[in-house]
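1. Here is my input, please return the structure:
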Amino acid sequence: MNSFDDGLLPKNDTHRKIIHLDMDAFYASVETRDHPELKNKALVIGQDPRNYHGHGVVATANYIARQYGVHSAMPSIKALRLIPKNKLVFMSPDFKKYHSVSAEIHQLMHEITDNVQSIALDEAYLDVTENKLGVTSALQIAINLQKKIKKEIGLNCSFGVTYNKFLAKMGSEYSKPFGRTIILPEEAQQFLAKQKIAQFHGIGPKTQAKLAEMNVFTGRGLQKMHVRDLIKHFNRMGYLMAEHANGIDLSRVIPDDERNRKSIGIERSYEPSVYSEQTALTNLRNYVNDLADKLIERNFYANTVVLKIRNSDFKTVTKRRKLDHATNNPLELYDVAKDLFDPISSSFLNDGIRLLGVTATDFTEADYENMDLDLFIQ
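-> The predicted structure follows:
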């Protein structure tokens, strides 16, 4: 490990086999597949500004258009100025069709594993450490999937294969289009050292500018920085940068059906019933701690906490509170749960608590740039 970390960075985990699959210019490629006459045109998916009083934004563009400097989120009027008129074609997006094609691609992924985490219509992580095919080579799985998508759906994709999500995404973006990148554990730090800071997922323009002021322009520059200095300047983001610069990302691939759950809750039934307030609150604290772990693991913050309580006569009360700010901090969650519990605790304890539970809902995904670091820095 290159960074000076004083034991702050966790031990790396390199046993997993992770694929990040990214479709190449997805919307534009779907349209080119369906309209072969556009193959040699600079295709821009977005509103034609000539028909919308100069308004419109580029959703995506094919690789011919990108050679002229066109990119996603660019004003369409700028694309019109960059591309010769005889080359340029605007096409309005057809999201119904793109959703349908995406579903076909995901079906092929699920033939390999159900540990598929979708990031968008055109990209996903797959954990193939264990898979339905019984194939041990993640590279071979990725190559076969790439070929199958090309043959059965008629589209190109790129992939990165390695031991964690962060590196896998860097790999898929490293060699596009129709790219194939494998990053072995022993090669990870050398690979990262050569990458420009802009290639590090999650490091936005403001952070890039601040790093430039510190003469840090590449992964090697990050690796040379003391992790405590990164934390001092960037808080939680600095810690994540230190992890990523050293090839560490312990976050797991969270299957779509798990991510799409609208709430996460923990409840337990008691036999015999609980009559002790201390026992009830101890149990409640344990449930909240487990709940917070689940939220943190999924990178979720909760905006609402729900308490559920039932007595021996099966009288059930559910109370909820909308929070002032989203959180996954167990202390904050417990304070809210206890506030919900206290006003009704006496009547339920008198009859005996048969069931107690706490649920988090109304999720917000954590802002990568603005998470607080719960470390005490000397």
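
2. switch to C-alpha atoms for all contacts and neighbour counts from now on
-> Will do.

3. Low-confidence ranges, the stretch 251-378 of the chain, go.
-> By pLDDT under 70, the low-scoring segments of the stretch 251-378 of the chain are 365-378.

4. list the buried ones in stretch 179-188?
-> Burial within stretch 179-188, assessed by neighbour count using 16 or more other C-alpha atoms under 10 Å, is assigned to Gly179, Arg180, Thr181, Ile182, Ile183, Pro185, Ala188.

5. Would you mind listing the two of those residues that lie farthest apart?
-> Spatial extent of the buried residues of stretch 179-188 (C-alpha to C-alpha) is set by the pair Gly179 and Pro185 at 19.6 Å.

6. Now the spatially most central residue of the chain: which helix or strand?
-> Within the chain, one residue has its C-alpha closest to the average C-alpha position: by C-alpha atoms, centre = their mean, that is Ile119, at 6.3 Å. Using DSSP states H and E, Ile119 falls within strand 116-120.

7. Give me the buried positions along that strand.
-> Within strand 116-120, the residues that qualify as buried are Val116, Gln117, Ser118, counting by 16+ other C-alpha under 10 Å.

8. what packs against it?
-> Using 3 or more C-alpha pairs under 8 Å, 6 or more residues apart in numbering; DSSP states H and E as the contact definition, the elements that strand 116-120 packs against are strand 123-127, helix 256-259.

9. Tell me which of those sits most buried.
-> Relative to the other members of the helices and strands packed on strand 116-120, strand 123-127 carries the highest mean neighbour count by mean count of other C-alpha atoms under 10 Å, namely a mean of 25.

10. quick check, distance from that strand to the centre of its chain.
-> Strand 123-127 has its average C-alpha position 10 Å from the chain's average C-alpha position, going by C-alpha atoms, centre = their mean, to the nearest Å.

11. Mind listing residues that contact that strand?
-> Counting by C-alpha atoms under 8 Å, 6 or more residues apart in numbering, the neighbours of strand 123-127 from elsewhere in the structure are 16-23, 109, 113, 115-119, 165, 253.

12. Following it in sequence, what is the next regular element?
-> Moving toward the C-terminus from strand 123-127, the next element (DSSP H and E) is helix 138-153.

13. Can you give the contact residues for the helix or strand harbouring His106?
-> Assessed by DSSP H and E, His106 sits inside helix 95-110. When contacts are defined by C-alpha under 8 Å, 6+ apart, helix 95-110 is touched by residues Tyr27, Val30, Val116, Leu121, Asp122, Leu126, Leu145, Ile149, Ile153.

14. most neighbours, which of the residues you listed?
-> Using other C-alpha atoms under 10 Å as the neighbour criterion, Leu126 leads the contacts of helix 95-110 with 28 neighbours.

15. Which pLDDT value belongs to that residue?
-> You'll see Leu126 listed with a pLDDT of 98.

16. what's across from it in the sheet?
-> Counting by DSSP bridges, Leu126 forms beta bridges with Ile19, Val116.

17. From Gly238, how far off is it?
-> 27 Å (C-alpha to C-alpha, to the nearest Å).

18. how about stretch 160-176: buried residues?
-> 160-174, 176.

19. okay, it in CSV with CA atoms only?
-> Output for stretch 160-176, consisting of C-alpha atoms alone and laid out as CSV, is shown next (Å, rounded to 0.1, in the frame of the first residue of the first chain):
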residue,chain,number,x,y,z
GLY,A,160,-14.0,-4.2,-16.7
VAL,A,161,-13.2,-7.3,-14.7
THR,A,162,-11.5,-7.1,-11.3
TYR,A,163,-12.1,-7.7,-7.6
ASN,A,164,-14.2,-4.6,-6.6
LYS,A,165,-16.8,-2.2,-8.0
PHE,A,166,-14.7,0.9,-8.2
LEU,A,167,-11.9,-0.7,-10.2
ALA,A,168,-14.4,-2.5,-12.4
LYS,A,169,-16.0,0.7,-13.5
MET,A,170,-12.7,2.3,-14.2
GLY,A,171,-11.8,-0.7,-16.3
SER,A,172,-15.0,-0.6,-18.4
GLU,A,173,-14.3,3.1,-19.2
TYR,A,174,-10.6,2.5,-19.9
SER,A,175,-10.9,1.0,-23.3
LYS,A,176,-14.1,2.0,-25.2
